[in-house]
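Engineer: structure for the following, please:
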Amino acid sequence: MTLTHAAFPAMSRLTQVLLVLAGSVFIALAAQVAVPMFPVPMTLQTLAILIVGLTFGARLGLATLLVYLGEGAMGLPVFANGNGSLAYMMGPTGGFLIGFVGMAWLAGLAVEKGIARGFVTTALAAVVISALLYIPGLIWPAAMLGKSAAALWSGWMAPFLVGDAVKAVLAALVVTGGWAALRARAR
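Structural biologist: Below you'll find the model as predicted:
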């Protein structure tokens, strides 16, 4: 069971639609936040995606990311730095954008299958899912720009690993904290 389903046991279609829209706005807002880190700043976009997947579940998480990408394709400024267009989506970071859909779906699936239960297992699942995002994220610039493995490692992956691990742990804290708050409210 997901946190969203526990909070809204009799979830109507309208509630699902509103959650998907709210989730896409949450991700869009998080994409605009850049936290200074060394060697590169870190946006909170993937943190929000993990939270959405871990709280909404696989289907609603997937739907949320498809809506989010649709908003970006229509030109809404939902991506990092206020970007949004189909041309931007086809640019060097397009593989990561596509991978976001899988990230949310996998996070939701981890919860639904009971893999992400407490803080530790949720954090571990989030770290693994964050690492898997690099597969489409790096294949895209390798194919589109002809980047070498060394260039991909040094410019596209290594600078982001620490931030991704931090965001995975933060997502686990948020979600397990949400479960604790829900249980406390039920008492």
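Engineer: who touches the closest residue to residue 43 other than its chain neighbours in this structure?
Structural biologist: The shortest distance from residue 43 to any non-neighbouring residue, by Cβ to Cβ, 6 or more residues apart in numbering, is to residue 80 (5.0 Å). C-beta: built from backbone N, CA, C; applies to glycine. Shown in contact with residue 80 (Cβ atoms under 8 Å, 6 or more residues apart in numbering): 31-32, 34, 43, 45.
Engineer: can you tell me which of those residues is nearest residue 118?
Structural biologist: residue 45 (25.4 Å; Cβ to Cβ).
Engineer: now do the residue sitting nearest the centre point of the chain, the pLDDT please.
Structural biologist: Compute the mean C-alpha point of the chain, and by Cα atoms, centre = their mean the closest residue is residue 49, 2.0 Å away. Per-residue pLDDT puts residue 49 at 98.
Engineer: likewise residue 185?
Structural biologist: 89.
Engineer: name the spans of this structure whose pLDDT lies under the cut-off.
Structural biologist: 39 (pLDDT under 70).
Engineer: strands along that one, start to end?
Structural biologist: Taking DSSP state E to define them, one finds strands in the chain at 34-35, 42-43.
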